[in-house]
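Engineer: Mind folding the following:
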Amino acid sequence: MQEEYKRQTITEWSEDDRPREKMLKNGIDSLSDAELLAILIGSGSQEDTAVDLARKILHSCKGNLRELSNRSVHDLCKFRGIGLAKAIAIIAAMELGRRREQENIVPSTKIVSSKTVYELFHPVIGDLPCEQVWALFLTRKNTIIDKRRISQGGLAFASIDIRLLLKTALELSAAGLVLCHNHPSGTPRPSETDNALTFKIKESANAMDILLMDHIIIGNDDYYSYADKKLLP
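Structural biologist: Numbers count the residues shown, from 1 in each chain. I've put the predicted structure just below:
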């Protein structure tokens with residue numbers, strides 16, 4: 001009679017194949033996305049090792065970590081072996097990665113083009129399921145004084161308090177502003193609301209001798225710049 005197959009647990013694997021031991025021996029770069037996720041998960045289920053479970057989760061996201069970062073606790077708990085604590089650990093890790101990217105937007109960084117702004121903000125807001133609006137406050141030499149998240153909204157719209165935005169600019173003695181927000185739909189094309197709000201902010205800022213230098217809309221892997229389109233003369 002053929003011997004019944006018995007699934008090995010991770011502790012029964014060769015040390016070179018265990019994610020934690022592999023990391024200690026070969027460095028964090030040696031681990032695949034599934035192995036890194038497995039370390040967060042910690043343990044699997046009766047059917048799957050932690051690595052198998054991690055592979056299933058990543059497969060459901062088409063291997064895209066950006067898509068994984070948008071999964072909710074409810075979404076993750078649908079996988080057998082993922083309970084509330086593990087789901088929260090995964091979401092917390094995704095958020096730490098996003099916040100790390102926010103720290104790359106530092107004072108004294110010089111804004112030289114719309115692409116500079118896109119490269120700073122795409123890792124921060126490019127994959128969010130809701131709209132966020134950020135502002136960069138700049139010196140006359142286009143270096144960053146400070147960054148602020150000024151609004152967060154729903155799937156399609158985040159409102160902006162123009163008075164509060166300009167009050168912050170005056171408090172920081174900013175000479176210029178760059179606005180940046182994301183479109184969860186993935187398409188950076190501006191809406192009529194985007195256009196109306198942009199031109200209203202420009203007009204209000206001009207009255208206070210503050211220049212709205214650009215407003216950039218970020219999609220999945222592309223962006224729209226009002227300055228590049230010559231819409232902010």
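Engineer: who touches the helix or strand containing L179?
Structural biologist: Using DSSP states H and E, L179 maps to strand 176-182. Contact with strand 176-182 is made by 111, 117, 121, 125-126, 128, 131-140, 142, 151, 158, 160, 165, 169, 198, 201, 205, 210-219, as judged by CB atoms under 8 Å, 6 or more residues apart in numbering. Glycine gets a C-beta too; all of them are placed from N, C-alpha and C.
Engineer: so after that strand, what's the next helix or strand?
Structural biologist: Assigned by DSSP H and E, the successor of strand 176-182 is helix 192-207.
Engineer: what mean pLDDT would you report for that next one?
Structural biologist: Per-region confidence: helix 192-207 scores 95 on mean pLDDT.
Engineer: same check, this time on stretch 136-145
Structural biologist: 96.
Engineer: What residues sit buried inside that stretch?
Structural biologist: L136, F137, L138, T139, N142, I144, I145 (16 or more other CB atoms under 10 Å).
Engineer: okay, how far is it across that stretch, tip to tip?
Structural biologist: End-to-end distance for stretch 136-145, by CA to CA, to the nearest Å: 8 Å.
Engineer: Stretch 67-80 too?
Structural biologist: OK, stretch 67-80 end separation, CA to CA: 20 Å.
Engineer: Just give me the neighbour total for R100.
Structural biologist: Residues lying near R100 (other CB atoms under 10 Å) number 11.
Engineer: What of I210?
Structural biologist: The number of residues near I210, taken as other CB under 10 Å, comes to 21.
Engineer: residues in contact with it?
Structural biologist: L166, A169, L170, A174, A175, G176, L177.
Engineer: Need the buried ones from those selected in ChimeraX.
Structural biologist: In ChimeraX syntax, the buried subset of those is picked out as below (16+ other CB under 10 Å):
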select :166,169,174,175,176,177
